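1. Got a predicted model here, sequence first, then my questions.
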Amino acid sequence: MTGSYRAPEISHRFVLDMVRAADRDRFLAALFAPEPARRGLLALLAFDHELARTRTVTREPMLARIRLEWWREAVAEAAGAAKPRAQPIVESLSEIARRHCLTAEGLTALIDAREEEIEGPLDVLRAGQALADLQLDVLAVRDAATRDAARAIGAAWLMGEGPERDALLAEARAQRSGIDAAALPILLPALALGKPMGPWRTPLAYWWAARRGRY
């Protein structure tokens, strides 16, 4: 049974510590998800962070592609039935992929999107949407309005300030009356793309927005 795999607790802890250090705003938002979905969101954020690091780990395109090929093999194992390779993110990802029925194709879509960044600009729409789709699967959210909002915020997160990002955020917020509240842990980071917030204000802003169903 594929869903029976359980990653070592030390792997989950590694993922938690990594995301908290590397992606604090989305880490805080993920904490609003109940377990085990929270672990799933953190594993996906850690996975995305590792893929994003490819361009800084090596500047040689061939080596970067080899690194991403390693991840393609790893996610095929993660979504399968065999024991995954002994790497903390892979182990954590394997547990949540099998629990939430994430497919190798869905995980590979994020790798493929990040591969474009090796020799050119990142397609932020493709990358943001690929991650959002995986996160929605973990949260068991399927409706179109929530998917559109999550995809827009996922893409906006990868953009710098400007009218395109503002338009995506406006598009996401236009869906607020019809979204599934279960998706708030991946929608709340939109707040961090507005006015700058201090480290203590962010969790309070998320908490208040979550109570009101806002983002």
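-> Nice, thanks for sending it over. Here the structure is a predicted model, which means the values were calculated and not measured. Residues are numbered from 1 along each chain as shown.

2. so which helix or strand takes in the residue nearest in space to the middle of the chain?
-> Closest to where the C-alpha atoms of the chain average out (Cα atoms, centre = their mean) is L45, at 4.1 Å. L45 is part of helix 37-52 when elements are defined by DSSP states H and E.

3. which secondary structure elements does that helix contact?
-> helix 9-22, helix 24-30, helix 61-78, helix 88-99, helix 104-115, helix 124-139, helix 184-187 (3 or more Cβ pairs under 8 Å, 6 or more residues apart in numbering; DSSP states H and E). To be clear about C-beta, it is placed using only N, CA and C from the backbone, and glycine gets the same treatment.

4. which element follows that helix toward the C-terminus?
-> As the chain continues past helix 37-52, the following element, by DSSP H and E, is helix 54-57.

5. Give the residue spans of the protein that score low on pLDDT.
-> 1-3 (pLDDT under 70).

6. A205 reaches M197, doesn't it?
-> Yes. A205 is within contact range of M197, at 5.9 Å (criterion: Cβ atoms under 8 Å).

7. thinking again about what came up before, return the distance of the closest residue to the residue nearest to the centre of the chain other than its chain neighbours relative to V90.
-> Excluding the flanking residues, the one nearest L45 by Cβ to Cβ, 6 or more residues apart in numbering is V19, at 4.7 Å. To V90, V19 is 15 Å away according to Cβ to Cβ, to the nearest Å.

8. who's in contact with stretch 166-182?
-> Residues from elsewhere that reach stretch 166-182, judged by Cβ atoms under 8 Å, 6 or more residues apart in numbering: 139-141, 143, 145-146, 148-150, 152-153, 155-156, 159, 187, 190, 193-194, 213-215.

9. Separate out the buried members of the residues you listed.
-> Neighbour-count burial within the contacts of stretch 166-182 applies to 139, 141, 146, 148-150, 152-153, 155-156, 159, 187, 190, 193, 215; the criterion is 16 or more other Cβ atoms under 10 Å.

10. Just to be sure, which of these are found in helices?
-> 139, 146, 148-150, 152-153, 155-156, 187 (DSSP state H).

11. roughly how far apart are the residue nearest to Q175 when sequence neighbours are not counted and L188?
-> Leaving aside its chain neighbours, Q175 sits nearest to A149 (4.2 Å; criterion: Cβ to Cβ, 6+ apart). Using Cβ to Cβ, A149 is found at 11 Å from L188.
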